[in-house]
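> no sequence for this one, just the structure:
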């Protein structure tokens, strides 16, 4: 019975991907929160969608410079109200305050060491971590865009110094294996077609990998990416 349901859902998503890709693009957060972790191909179908007006460059082209693509400056359209879960768990106000002011000091560590678990009823849920990663990433993207619009040349260190990146890096370093896997999965869910979120989260994953002091973090990043590439196509462009 479960195999029959899975086959039916797979066919429905294939039809949506072919005929209504914008619907999957706009609602990918809600779909990813609803798809079980083990259904990797289903998630890849949702994340492979891109607007019909866009032509994707070959991601394997040696001369491709992703940061020079015009599309990476454009934010994707999101219809999911991802901040609602942060608001329900009373995390949104404190999170916004830290993203604006970097105060209180140690807030990211407090999140990792218990505040998220308390908000999630013992274990931070995958959907809560998805909302948190999305909100922190969106704020970091906006901060970098303001700096670039002011005529300042962005240095490689600017990316890692954003408040949003501090939260993601701290959580990845201090979480246990299960929570870290859910966080990395939430970040990998943003690797889609060329847009500002795909560019930021690809850089964020590489930044966490290169600065990780624990080999387990690098192993989990590798696992999250590889398990999405060893299933049948399609694979999201951002991977």
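That came through fine. If you're wondering where the values come from, they're calculated on a predicted model, not measured in any experiment.

> where in this protein is pLDDT low?
Counting by pLDDT under 70, the chain contains low-confidence ranges at 115, 117-122, 150-159.

> Dead centre of this protein: give me the residue that sits there.
Nearest to the mean C-alpha position of the chain, counting by Cα atoms, centre = their mean, stands residue 187 at 2.6 Å.

> Please pull up the helix or strand immediately following the helix or strand harbouring that one.
Under the criterion of DSSP states H and E, residue 187 resides in helix 177-188. Using DSSP H and E, the helix or strand that directly follows helix 177-188 along the chain is helix 196-211.

> Identify the residues contacting the helix or strand following that following helix?
Remark: after helix 196-211, the chain's next helix or strand is helix 215-229, criterion DSSP H and E. Helix 215-229 is touched from outside by 40, 43-44, 172-173, 177, 180-181, 184-185, 188, 205, 208-209, 212, 235-236, 239, with contacts defined as Cβ atoms under 8 Å, 6 or more residues apart in numbering. In this view, the C-beta of every residue, glycine as well, is placed from N, C-alpha and C.

> Could you pick out the longest helix of this protein?
helix 126-149 (DSSP state H).

> List the buried residues of that helix.
Neighbour counts over helix 126-149 (16 or more other Cβ atoms under 10 Å) mark 126-141, 143-144 as buried.

> ok so, going back, show me what the helix holding residue 187 packs onto, helices and strands only.
Applying 3 or more Cβ pairs under 8 Å, 6 or more residues apart in numbering; DSSP states H and E, one finds that helix 177-188 makes contact with helix 126-149, helix 163-174, helix 196-211, helix 215-229.

> Go through those and name the closest to residue 57.
Proximity to residue 57, assessed across the helices and strands packed on helix 177-188 by Cβ to Cβ, is greatest for helix 196-211 (12.3 Å).

> Return the list of helices and strands in contact with that closest one.
Using 3+ Cβ pairs under 8 Å, 6+ apart, helix 196-211 is in contact with helix 126-149, helix 156-160, helix 163-174, helix 177-188, helix 215-229.

> Please point out which parts of it sit buried.
Buried residues in helix 196-211, defined by neighbour count with 16+ other Cβ under 10 Å: 196-205, 207-209.

> Check stretch 224-238 too.
Those would be 224, 228, 235-238, for stretch 224-238 by 16+ other Cβ under 10 Å.

> Tabulate the residues you listed in JSON lines, adding columns for distance to residue 89.
Below are the buried residues of stretch 224-238 laid out as JSON lines (distance: Cβ to Cβ, whole Å):
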{"residue": "224", "distance to residue 89": "24"}
{"residue": "228", "distance to residue 89": "28"}
{"residue": "235", "distance to residue 89": "33"}
{"residue": "236", "distance to residue 89": "29"}
{"residue": "237", "distance to residue 89": "32"}
{"residue": "238", "distance to residue 89": "28"}
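
> Between these, which sits nearest residue 83?
Among the buried residues of stretch 224-238, residue 238 lies closest to residue 83 (Cβ to Cβ), at 22.7 Å.

> Spatially nearest residue to the closest one (excluding sequence neighbours)?
Distances taken as Cβ to Cβ, 6 or more residues apart in numbering put residue 191 closest to residue 238, at 3.1 Å, once the chain neighbours are dropped.

> ok, that neighbour to residue 47 distance?
Distance, residue 191 to residue 47, using Cβ to Cβ, to the nearest Å: 7 Å.

> neighbour-wise, which of those two wins?
Just comparing residue 191 and residue 47: by other Cβ atoms under 10 Å the higher neighbour count belongs to residue 47, 27 against 20.
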